[in-house]
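**Q** What shape does this take:
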Amino acid sequence: MVNVNNDCIWCGVCESVAKTIFKVDGVSKVIKQPDTPEEQIACDQAEQMCPVKAISNEPMKMAA
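**A** Numbering: from 1, shown residues only. Below you'll find the model as predicted:
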């Protein structure tokens, strides 16, 4: 599950990396949870790139 905490500075990095997951419009928010491997990879990248580490990202469990 992906979350953005109150440390967010609304820099827009998350939205630029994962447009289908994050929206920055005055505040940064998760607009949907990742449901494909590609979206999960984008969330992982956004979490790593966040300058204030405001994103928590527990990877989804993929069906075998």
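
**Q** So which residue is dead centre in this structure?
**A** Cys43 (4.4 Å; CA atoms, centre = their mean).

**Q** Let me know the helix or strand that it is in.
**A** Assessed by DSSP states H and E, Cys43 sits inside helix 37-49.

**Q** Counting by contacts, list what that helix packs against.
**A** Judged by 3 or more CB pairs under 8 Å, 6 or more residues apart in numbering; DSSP states H and E, helix 37-49 is in contact with helix 13-17, strand 55-57. Glycine gets a C-beta too; all of them are placed from N, C-alpha and C.

**Q** Those: lowest mean pLDDT?
**A** Of all the helices and strands packed on helix 37-49, the minimum mean pLDDT falls on strand 55-57 (a mean of 93).

**Q** Just the buried residues of stretch 26-46, please?
**A** Within stretch 26-46, the residues that count as buried by 16 or more other CB atoms under 10 Å are Ser28, Val30, Pro34, Glu39, Gln40, Ala42, Cys43, Asp44, Ala46.

**Q** Flag whichever of these scores worst on pLDDT.
**A** Ser28 (91).

**Q** show me what contacts that residue?
**A** The contact partners of Ser28, by CB atoms under 8 Å, 6 or more residues apart in numbering, come to Val4, Cys8, Trp10, Gly12, Cys14, Glu15, Phe22, Ala54.

**Q** close enough to count as contact, the second one and Val27?
**A** Yes: using CB atoms under 8 Å, Cys8 and Val27 qualify as a contacting pair, with a distance of 7.4 Å.

**Q** mind checking how far Ser28 is from Thr20?
**A** 14 Å (CB to CB, to the nearest Å).

**Q** Asp7 now?
**A** Asp7 sits 23 Å away from Thr20, going by CB to CB.

**Q** low-scoring stretches of this protein, by residue?
**A** For the chain, the stretches with pLDDT under 70 are 59-64.

**Q** circling back to that earlier point, export the buried residues of stretch 26-46 as JSON lines, with columns for distance to Glu58.
**A** Shown next, in JSON lines, are the buried residues of stretch 26-46 (distance: CB to CB, whole Å):
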{"residue": "Ser28", "distance to Glu58": "18"}
{"residue": "Val30", "distance to Glu58": "12"}
{"residue": "Pro34", "distance to Glu58": "11"}
{"residue": "Glu39", "distance to Glu58": "14"}
{"residue": "Gln40", "distance to Glu58": "10"}
{"residue": "Ala42", "distance to Glu58": "15"}
{"residue": "Cys43", "distance to Glu58": "10"}
{"residue": "Asp44", "distance to Glu58": "11"}
{"residue": "Ala46", "distance to Glu58": "14"}
